[in-house]
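# Sequence and predicted structure are below.
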Number of protein chains: 2
Amino acid sequence: MPPMSAPARSPMTRRVTTSPMIRLTRSGCTEVAVPGNNCPMEFEVAPTTLEFGETGIAIRWSNGHRSRFHTLWLRDNCTSGGDKRGAHRTALISDLDPNLVVYDAHLNDDGDVEVSFSDGHVSTFDPGWLLANCPEPETRLGRSRRIAHFRAGTPLREFSLPSAGGDEHGDLLDAVKEWGVALVHDVPGDEAGTEQLAALIGKVRDSDFGRLFDIVVEPDAWESSQSTEAQDPHTDDPYRYSPSGTSILHCVEVSTTGGDSLLVDGFAVAEQFRDDDPDGFELLSTVSVPFVRHRAESVDQGEDVHLVADATVIAVDRDDEICGIRFHQRAFGPFDINPAIMGDYYRALIEFGRRINDPVNTIQLRLEPGQALVYDNQRALHGRTAFSIAGGRRHVRLCTIDRDQFHSRLRRLREELERPGADERLAVGNLS
Amino acid sequence: MPPMSAPARSPMTRRVTTSPMIRLTRSGCTEVAVPGNNCPMEFEVAPTTLEFGETGIAIRWSNGHRSRFHTLWLRDNCTSGGDKRGAHRTALISDLDPNLVVYDAHLNDDGDVEVSFSDGHVSTFDPGWLLANCPEPETRLGRSRRIAHFRAGTPLREFSLPSAGGDEHGDLLDAVKEWGVALVHDVPGDEAGTEQLAALIGKVRDSDFGRLFDIVVEPDAWESSQSTEAQDPHTDDPYRYSPSGTSILHCVEVSTTGGDSLLVDGFAVAEQFRDDDPDGFELLSTVSVPFVRHRAESVDQGEDVHLVADATVIAVDRDDEICGIRFHQRAFGPFDINPAIMGDYYRALIEFGRRINDPVNTIQLRLEPGQALVYDNQRALHGRTAFSIAGGRRHVRLCTIDRDQFHSRLRRLREELERPGADERLAVGNLS
């Protein structure tokens, strides 16, 4: 059977509809990419023409958009097979007849799209559902993530620790999604305080360093964060297949000189790098290098480990959007990339690393007790300046939440608060 | 500066070495791809010629292999910057001079490779370390994973619950790595028994359904596993960015008719599919589709979720080796791929799904109390036949371990047991 773009065996049949307009509310408002669409709270769109052929149907909507739905897509998504978005789907794709064709399609008296298949099955579809799930590339791009870049001088979004489920909670998650970081005040200094904030983001990950990790200066440091040294901006856990998603750095105590926090927007730096050096960007986004953590002894916080992850420094998604950064100069293993491109790769990485360390890209701030940074560990690189403990003590508590757990919470909260964007295509991070 | 394969500004200088042979033991035995090499416990290899130019050095070894090491790679890996495989690295790649060149290289009196750079720095390298970290593609391919495929009739590797740290423990992990599944006997039926087995694999993941999930028939099922229905072979958690890695299905009680376990080797099926239908394989390994779990209410085991992961059904790694499967017919969301390839994609997926469900590819077994399957959730698809609870009760306990935690344990155990293969390139799974 030819693909849909090739001539079908039967000519497409066109029907002009007389259906009422469909009222699409909030959650549908970003479904269709309409030039100049400023995302109104609701707008109206209706099918104006319905064509069909053996390979599927095509609907022209009143806003000019045209959606093609393939025969097998329609049959697969028939509601008689159960809910596609739940756990109780009963119909199996492997049971579909690959040679199935559409025999007829029309708008029925209820305003639904009714499709008859060659196996005798008849499916009806809510036009609003079809529009919301339109597989055309421009519809998908219309759900692109909305983010804003930061650099030195960009003010951080700030919050007082919100209660769960309200608008402030939604605003906090939106800020972390949009800016890659937010500053939360009034977080109680005990572990329960950290947990209270973490619970707003998602389930805490039980990581190699436990659920909560108290970063203090340790005489027998096994981790460079346990020193007084400066930490160049980096992402945590690059040697894990799925690094930390959203992290929390909760300042419990600080009475030292120095030890300021550093934040760098890896997405902003990578985007600029793509503009300035497309070849270098290509190398950093397509060539994998090893990240390694090899600790042959167990420590208080965890067992011995030998973690190795091969990954690109910059991850781009199927739509060529930057979706994750993995960069930690103290965790690169010896590169095993082809010697023929080794020099070019190093030069690209050196340049990218210089930009990451450029003060013009860096927000520097001093965290005070009761403040916490909530940041996207696969976007907002974090570091700190060196400090002296002669003048006191520095205690910062770290915990981390899997990226998909944060995104799940973000979607559910938008649904609960009846805000748009539950279908926004979020940045999935940098998975190896 | 030209890449290494182009003419260097200065001609390569060749030195013939007079160094003693290097004795490489176990862990080095797979480092170099030598045709017909049957991985002896030790063999001898030495540098025979050392060439250098501005862009780096090249070593010809006594077994004929030639390794190129780029100037920047050498400078980056200089041991003066700290251990590349630990957490205490101090040298930063972003501080490297991208225009650095090699001025001189020779074997010194200790038999080490001594390299002088244009910045005045001198580094020495153990030739054995250089060989073990040779970045040539064929060296990398020599570390390819070693796996064996299973199908109907293949006997499962079986173990009695081993104690931690011994040879049996190593054999169990090797079996799971190699075959994708192993059957463990004599696992105590209480939760401590499950935990005891899990601790051999790695840290238990606190998942959406908790640490341990008791699969029993529930009158108010929120999960299809809580019914008596058949479950077609699938991988768990496909809607997570990083699905379950190694899973344990521990049979606590079974007195029902039916409810046999099904296992399918997704790697074997995918490899065969690649041979039979390269175009279909290309679609399933390059086109991402959405996997969805949307549960608007919380349940005993966890909160409400709206998880969405875009991923290919088959993942291949940078060396084009199949490294992960993500396939769950009840968790596919409506596909949002380009309508122009929708039909071809569906036909490929239908064919792949039919093969997954083909009895010729399926091991069917009845788990008895005290037995547990340990399986690679991103390779070995699991399912079950329908059953009736009229005759009794069926209770299977599930828990899961992150894939990189299992691999870390596998490497550490090989190191502790002085077995080869700590540097084997393992299948990283299917990350979205």
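Yep, it's here.
# who's in contact with the residue in the stretch 151-300 of chain A that chain B sits nearest to?
Closest contact between the stretch 151-300 of chain A and chain B, by CB to the nearest CB, is at A:S242 (3.4 Å). Where you see a C-beta, it was placed from the backbone N, CA and C, and this is true even at glycine. Contacts for A:S242 (CB atoms under 8 Å, 6 or more residues apart in numbering or on different chains) come out as A:402-403, A:429, A:431-432, B:241-242, B:402, B:404, B:431.
# With A:L172 instead?
Neighbour list for A:L172: A:159, A:162, A:182, A:184, A:200, A:374 [criterion: CB under 8 Å, 6+ apart].
# ditto for A:G370
Counting by CB under 8 Å, 6+ apart, the residues that A:G370 touches are A:185-189, A:251.
# Mind giving me the ChimeraX command for buried ones among these?
Per 16 or more other CB atoms under 10 Å in any protein chain shown, the buried members of these correspond to this ChimeraX selection:
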select /A:187,251
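# Please report how far A:R393 lies from A:E368.
Counting by CB to CB, to the nearest Å, the gap from A:R393 to A:E368 is 14 Å.
# overlap in contacts of the two?
Shared contacts of A:R393 and A:E368, counting by CB under 8 Å, 6+ apart, come down to A:V254.
# And the helices in the stretch 151-300 of chain A, which stretches?
For the stretch 151-300 of chain A, the helices defined by DSSP state H, counting those that start in this stretch cover A:167-179, A:191-201, A:266-276, A:278-286.
# Which element, helix or strand, includes the residue in the stretch 301-432 of chain A positioned nearest to chain B?
Evaluated by CB to the nearest CB, the stretch 301-432 of chain A has A:G353 as its residue closest to chain B, separated by 2.8 Å. Assessed by DSSP states H and E, A:G353 sits inside helix A:339-356.
# Could you list every helix and strand that that helix packs against?
helix A:266-276, helix A:278-286, strand B:56-61, strand B:66-70, helix B:71-76 (3 or more CB pairs under 8 Å, 6 or more residues apart in numbering or on different chains; DSSP states H and E).
# Which one of those lies nearest to B:Y345?
helix A:278-286 (23.6 Å; CB to CB).
# Chain neighbours aside, what residue packs nearest to A:F150?
Leaving aside its sequence neighbours, A:F150 sits nearest to A:D265 (CB to CB, 6 or more residues apart in numbering or on different chains; 4.7 Å).
# these two touch, right, that neighbour and A:D376?
No: the pair A:D265 / A:D376 is not scored as a contact, 9.5 Å apart, by CB atoms under 8 Å.
# sorry, back to before: what's the most buried one of the helices and strands packed on helix A:339-356?
helix B:71-76 (a mean of 25; mean count of other CB atoms under 10 Å in any protein chain shown).
# what about that one, near chain A?
Yes: on the criterion CB under 8 Å from any CB of the partner chain, helix B:71-76 is in touch with chain A at B:71-73, B:76.
# Tell me how many other residues crowd the nearest residue to A:A390 once chain neighbours are set aside.
Nearest residue to A:A390, sequence neighbours excluded (CB to CB, 6+ apart): A:T257, at 7.6 Å. By other CB atoms under 10 Å in any protein chain shown, 13 other residues sit near A:T257.
# Okay, and the beta partners of A:T257?
Beta bridges link A:T257 to A:S388 when assigned by DSSP bridges.
# quick one: it and A:T385 touch, right?
No: the pair A:T257 / A:T385 is not scored as a contact, 9.9 Å apart, by CB under 8 Å.
# In terms of pLDDT, where does A:M41 sit?
With respect to pLDDT, A:M41 scores 33.
# again, but for the one 4 residues further on
The model reports A:V45 with a pLDDT of 87.
# Tell me if I'm right that it and A:I59 touch.
No: applying CB under 8 Å, one finds A:V45 not in contact with A:I59, separated by 10.5 Å.
# Now list whatever residues contact both of the two.
With CB under 8 Å, 6+ apart as the test, A:V45 and A:I59 both reach A:L131.
# A:F213 - nearest residue in space that isn't next to it in sequence?
A:F213 sits nearest to A:L398 (CB to CB, 6+ apart), 4.5 Å away.
# Next: A:P135.
Distance criterion CB to CB, 6+ apart; nearest residue to A:P135, sequence neighbours excluded, is B:D336 at 4.6 Å.
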